[in-house]
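*Asks:* Requesting a structural model of the entry that follows:
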Amino acid sequence: MLNVGQLHEGFVLDHIEAGKSMTIYHYLNLDKLDCTVAIIKNAVSNKMGRKDIIKVECPIDMLNLDILGFIDHNITVNIIKDGVIVEKKDLTLPKQIVNVIKCKNPRCITSIEQELDHIFVLTDPEKEVYRCKYCEEKYRGK
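*Replies:* Okay, the predicted model is just below:
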């Protein structure tokens, strides 16, 4: 049995699709934070079969929920204070994401203006389709 210590204050990202924890680790820039991070890969789950879990001991305001919702809106965010779960946040697809993905259209203004933010807007929530704010290029792939 694996035993990872209890958090005093921080958050636990639960129900991560098995194998996606390192992608989330990099997107959230957890390597740049000066705090404790525990990654549990391929944990047994009754609900999912296998899942990943990330425990982070730092304030929740360090977490970008929009990026997390874009990567996988089925992840559960448990907020820990004084060693107990005080809140569970369910994620949703963000209406807009900034500088998470880049537009691949060579004619897009973001290709010419390098300092311009890459902004994608959710245009079809049911099919999870994002389009570039400037040229309406559809984001392909996840």
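*Asks:* Residue most distant from the centroid, this protein?
*Replies:* Arg107 (28.8 Å; CA atoms, centre = their mean).
*Asks:* Report all helices and strands that the helix or strand containing Ala43 contacts.
*Replies:* Here Ala43 sits within strand 36-45, counting by DSSP states H and E. Contacts defined by 3 or more CB pairs under 8 Å, 6 or more residues apart in numbering; DSSP states H and E place strand 36-45 against helix 21-27, strand 49-57. Placement of C-beta: from N, CA and C, glycine included.
*Asks:* which of those is buried the deepest?
*Replies:* Sort the helices and strands packed on strand 36-45 by mean neighbour count, taking mean count of other CB atoms under 10 Å, and strand 49-57 sits at the top with a mean of 19.
*Asks:* quick one: contacts of the next helix or strand along the chain from that one?
*Replies:* Using DSSP H and E, the helix or strand that follows strand 49-57 in sequence is helix 65-71. Contact partners of helix 65-71, identified using CB atoms under 8 Å, 6 or more residues apart in numbering, comprise 13, 20, 23-24, 27-28, 75, 77, 89, 91-94, 96-97, 100, 130, 142.
*Asks:* pretty sure Thr76 is in contact with Glu87, am I right?
*Replies:* No: the pair Thr76 and Glu87 fails to qualify as a contact (CB atoms under 8 Å) at a distance of 10.9 Å.
*Asks:* returning to that earlier point: from the contacts of helix 65-71, keep the buried residues only.
*Replies:* Buried members of these, scored by 16 or more other CB atoms under 10 Å, are Leu13, Lys20, Ile24, Leu28, Ile75, Val77, Lys89, Leu91, Pro94, Ile97, Val100, Tyr130.
*Asks:* Can you tell me which of those residues end up in helices?
*Replies:* Ile24 (DSSP state H).
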